[in-house]
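[1] fold the following, please.
(chains A, B, C and D)
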There are 2 protein chains.
Amino acid sequence: MTGRNRNTSSRRATLADVAQVANVSAITVSRVINHPDKVSGELRQRVQEAIDMLGYIPNQSASSLASARSRVIGVSIPSLSNIVFNDVLRGIYDVAGANGYKVLLVDTHYSPMEEEKMVRTLLSQSPEAMIITGGDQTRACERMLLKANIPVVQMMEILDSPLDMNVGFSHYRAGRDVALKLLETGCERLGFIGARMDTRVQQRLAGFTEALQSSGKFDPGCVITTPEPSSIALGGEMFRSLISTTGGALDAIFCCNDDLALGALFESQRMNIKIPSDLALCGFNDFETSAYVNPSLTSVHVPRYEMGVTAARMILDALDNKPALEKKVDIGYEVRMRQSTRTAQDPAK
Amino acid sequence: MTGRNRNTSSRRATLADVAQVANVSAITVSRVINHPDKVSGELRQRVQEAIDMLGYIPNQSASSLASARSRVIGVSIPSLSNIVFNDVLRGIYDVAGANGYKVLLVDTHYSPMEEEKMVRTLLSQSPEAMIITGGDQTRACERMLLKANIPVVQMMEILDSPLDMNVGFSHYRAGRDVALKLLETGCERLGFIGARMDTRVQQRLAGFTEALQSSGKFDPGCVITTPEPSSIALGGEMFRSLISTTGGALDAIFCCNDDLALGALFESQRMNIKIPSDLALCGFNDFETSAYVNPSLTSVHVPRYEMGVTAARMILDALDNKPALEKKVDIGYEVRMRQSTRTAQDPAK
DNA sequence: ATGGTAAATGTTTGCGCTATCATTGTACCC
DNA sequence: GGGTACAATGATAGCGCAAACATTTACCAT
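    Okay, the predicted model is just below:
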């Protein structure tokens, strides 16, 4: 089979190949793909047939280069394993995909240095916009993002001075509200279990601490943290450790996320500690498990999917030059009181 | 500020800009970035300074176009919300990232038609390789993938005739093994709860069914399935429903995944059904929760992270023209017997 | 008829980069 | 001292596409 190399089978087909088969100019093929309304029905059909025949797939690199439009949104998250980001990503993908945008996703492993590298990688793809997590970027990373001159959304938390746009909620207030709610149910001695201790967890702890201090009930000896990543296993270990160091004198424990809280809950069952009568337990993020476990777990619910959707919509509006309604959106949260904590009416110990 | 448009501040810097500042040719700058060993130390430093000064970030579209290398691996998964894929993705990202590849990820929502569209999108980015899920592609999708003439890995399940490479395990054998293990512990009447019912779940059910039929213990009335996506809530509902239709005569239930199994477990606690003495329960995928919940949940453990790593490594080897050790890798699985099932020695009911 | 307008299609050019080949400089050998 | 070998750098061309501008045709109002 001579000529195999220069024919349809081997080389990837180009616009020019399609144009030749359809007996039109290359730009007409381009128009059929990008602006079909600008081509007559007859030609449109002829070109489409040639495209199908050759199995033509446009070369997006060439298109991006020529048109300065990549149709890519860069997204940076700190962890692929933390399922908190799944829902957020789903929101972003749903909105971006429905509007013809691809998502290029990177994982920074909670490291600003790595984030800087990853953002550079993303920017080299000429994304039309970026969605990044939190406000803890390096100076160099901020400079790159500003210089890129594209819409940027920082998500997950509310920032004092975002680079551009911002959607999230106040982890500080959420942590404070948890403490207040626990106090309301008659709990006096409150403990805290925290892992990873990224900025958002630190803010939760700060709010929690502040609420306790202002009612004179803060005891640093009841706070236990670790830089290790959260897991159910770790929650169990830290629970056991906190119970032993405090001599079992705690009324309630706030775990910085539901992984830890579920680990604590399961461990408490093994230790024969009654939840909530012996000890109340509160998590954060409100996983589906938390609502169904027995006793069900009090947690802070966050509209993560909606946050992803909002981030993507803010980006799209900015790209469409729509006047942004707000550059900063507080997506809120809700403390969901369940069986793992006591009720105000029944603060029995 | 005249001239602002043509200077560093506004327009994105190009190779030529860097070259001019460093007083070298453009190709030298390119070499500093891509083949630094081919440039003398002095020039390399001068160029690097110019790059830093201008905040130059290469345009990957132009690079891809000129070099026919995109450094992109396309990955297609059926669901972003199903956390089973998190671990797999983590494996892929870790290996791909460490080797300078970007991952372009799409979600097909378990639809072959959507998968076809998404694969077309991925191919338009000229990926150097593709990792896709399962073997349930449309004919057109298969044709596109073959025509692209790049390494392709189909993952998650073992296929009879993969398009190219394949890593996964036999869901059929896993389902069969679960049935056999449950029979070994003295369970006679086995039920099945399945949701989503994608091909892999169907294979688990087929294996499960086959094992029961060959020992004359299969009862289709004990099988309950739905095309809805799995969730803990759904697991609870289906459990309640299966218990009521079978009149509570079951010895054990195999849930097609751990979401459903945990939902069933939590619901059984509320219904005051004793696990495993009244009823044994087995899940699939072995989430972390399953090992720590009380009673701990028997489940089928799958090395998902390793599967992702293996998929990426197979791709890299193929791209390096290393002789692939095997085109098909069985990553295996393991039925982990825990407290939610009985033991062979103690088959008490 | 004449000019004017708009729709349909084509020609040219350049996006930013790298492969390829060409050139220059430098060390080294017999 | 003339040749060989190789390292370092540069000039040129072209990757595939779409923006910008040009041309053709059809149709209408005057």
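[2] tell me the pLDDT of the residue in the stretch 151-300 of chain A that DNA strand D sits nearest to.
    Of the residues in the stretch 151-300 of chain A, the one nearest DNA strand D is residue A:151, at a distance of 19.3 Å by C-beta to the nearest atom of the strand. Quick note: C-beta positions are derived from backbone N, CA and C, even for glycine. pLDDT for residue A:151: 96.
[3] residues near the closest residue to residue A:297 other than its chain neighbours, how many?
    Of all residues not flanking residue A:297 in the chain, residue A:290 sits nearest, at 3.9 Å (C-beta to C-beta, 6 or more residues apart in numbering or on different chains). Taking other C-beta atoms under 10 Å in any protein chain shown as the criterion, the count of residues near residue A:290 is 23.
[4] again, but for the one 4 residues further on
    Residue A:294 is surrounded by 18 other residues when neighbours are defined as other C-beta under 10 Å.
[5] which residue ranges form the helices in the stretch 201-349 of chain A?
    Here the stretch 201-349 of chain A has its helices, by DSSP state H, counting those that start in this stretch, at A:232-245, A:258-270, A:288-292, A:304-319.
[6] which residues are contacting the first one?
    It refers to helix A:232-245. Helix A:232-245 is touched from outside by A:191, A:193, A:195, A:221-222, A:224, A:226, A:228, A:250, A:253, A:255, A:259-264, A:266-268, A:271, A:273, B:288-289, B:291-292, with contacts defined as C-beta atoms under 8 Å, 6 or more residues apart in numbering or on different chains.
[7] give me the buried entries from the residues you listed.
    Listed as buried from the contacts of helix A:232-245 are A:191, A:193, A:195, A:222, A:224, A:226, A:250, A:253, A:255, A:259-264, A:266-268, A:273, B:289, B:291-292; burial here means 16 or more other C-beta atoms under 10 Å in any protein chain shown.
[8] quick one: the helix or strand harbouring residue A:45 near DNA strand C?
    Mapping residue A:45 onto the secondary structure by DSSP states H and E places it in helix A:41-54. Yes - part of helix A:41-54 sits close enough to DNA strand C to count as contact by C-beta under 7 Å from any atom of the strand, namely A:42, A:43.
[9] does DNA strand D sit close to that helix?
    No - in this structure, helix A:41-54 remains apart from DNA strand D according to C-beta under 7 Å from any atom of the strand; the gap is never smaller than 10.3 Å.
[10] list the buried residues in that helix.
    By 16+ other C-beta under 10 Å, the buried positions in helix A:41-54 come out as A:43, A:44, A:46, A:47, A:48, A:50, A:51, A:54.
[11] just name the most buried of the helices of the stretch 201-349 of chain A.
    Per residue and on average, the most neighbours among these fall to helix A:258-270, with a mean of 25 (mean count of other C-beta atoms under 10 Å in any protein chain shown).
[12] hey, C-alpha coordinates of that helix in PDB?
    Taking C-alpha atoms only, helix A:258-270 is exported to PDB below (Å, rounded to 0.1, in the frame of the first residue of the first chain):
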ATOM      1  CA  ASP A 258     -16.200  14.900  59.500                       C
ATOM      2  CA  ASP A 259     -13.400  12.400  58.800                       C
ATOM      3  CA  LEU A 260     -12.000  13.100  62.300                       C
ATOM      4  CA  ALA A 261     -15.500  13.300  63.800                       C
ATOM      5  CA  LEU A 262     -16.600  10.000  62.400                       C
ATOM      6  CA  GLY A 263     -13.300   8.400  63.600                       C
ATOM      7  CA  ALA A 264     -14.000   9.800  67.000                       C
ATOM      8  CA  LEU A 265     -17.600   8.600  67.000                       C
ATOM      9  CA  PHE A 266     -16.600   5.100  66.000                       C
ATOM     10  CA  GLU A 267     -13.800   5.000  68.600                       C
ATOM     11  CA  SER A 268     -16.200   6.300  71.300                       C
ATOM     12  CA  GLN A 269     -18.500   3.400  70.600                       C
ATOM     13  CA  ARG A 270     -15.600   1.000  71.100                       C
END
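[13] and it, how far out from the chain middle?
    Centroid separation between helix A:258-270 and its chain, computed with C-alpha atoms, centre = their mean, to the nearest Å, is 24 Å.
[14] report the secondary structure state of residue A:146.
    In terms of secondary structure, residue A:146 is helix; the call rests on DSSP: H, G, I helix; E, B strand; the rest coil.
[15] let me know whether it touches residue A:163 as I believe.
    Yes - using C-beta atoms under 8 Å, residue A:146 makes contact with residue A:163 at a distance of 6.4 Å.
[16] looking at the two, which is more packed in?
    Neighbours per residue (other C-beta under 10 Å) separate residue A:146 from residue A:163, with residue A:163 holding more: 17 against 13.
[17] wait, a strand at the more buried one?
    No - Residue A:163: not assigned to a strand; according to three-state DSSP it is coil.
[18] find the residue closest to it in space, skipping its chain neighbours.
    If you skip the residues right next to it in sequence, residue A:163 has residue A:152 as its closest partner in space, 5.2 Å away by C-beta to C-beta, 6+ apart.
[19] one more: residue A:184?
    Computed as C-beta to C-beta, 6+ apart, the closest residue to residue A:184 that is not its neighbour in sequence is residue A:344, at 5.3 Å.
[20] tell me how many other residues crowd the one you found.
    By the measure other C-beta under 10 Å, the count of residues near residue A:344 is 10.
[21] need the pLDDT of it.
    Among the per-residue scores, residue A:344 shows a pLDDT of 76.
[22] if I pick it, what's in contact with it?
    Residue A:344 makes contact with A:184, A:185, A:186 under the criterion C-beta under 8 Å, 6+ apart.
[23] just the buried residues of these.
    Applying 16+ other C-beta under 10 Å to the contacts of residue A:344 flags A:185, A:186 as buried.
[24] of the contacts of residue A:344, closest to chain B?
    The closest of these to chain B turns out to be residue A:185 (C-beta to the nearest C-beta; 23.1 Å).
[25] you'd agree that closest one is up against residue A:341?
    Yes - taking C-beta under 8 Å as the contact criterion, residue A:185 and residue A:341 are neighbours in contact, 5.8 Å apart.
[26] any shared contact partners between the two?
    A:252, A:280.
[27] got the domain ranges for chain A?
    A:4-58, A:71-170+A:304-332, A:171-302 (automatic domain parsing).
[28] what packs against the helix holding residue A:45?
    Using 3 or more C-beta pairs under 8 Å, 6 or more residues apart in numbering or on different chains; DSSP states H and E as the contact test, the elements touching helix A:41-54 are helix A:15-22, helix A:26-34.
[29] can you list contacts of that helix?
    For helix A:41-54, the external contacting residues (C-beta under 8 Å, 6+ apart) are A:8, A:13, A:17-19, A:21-24, A:28-29, A:32-33, A:36, A:39, A:56.
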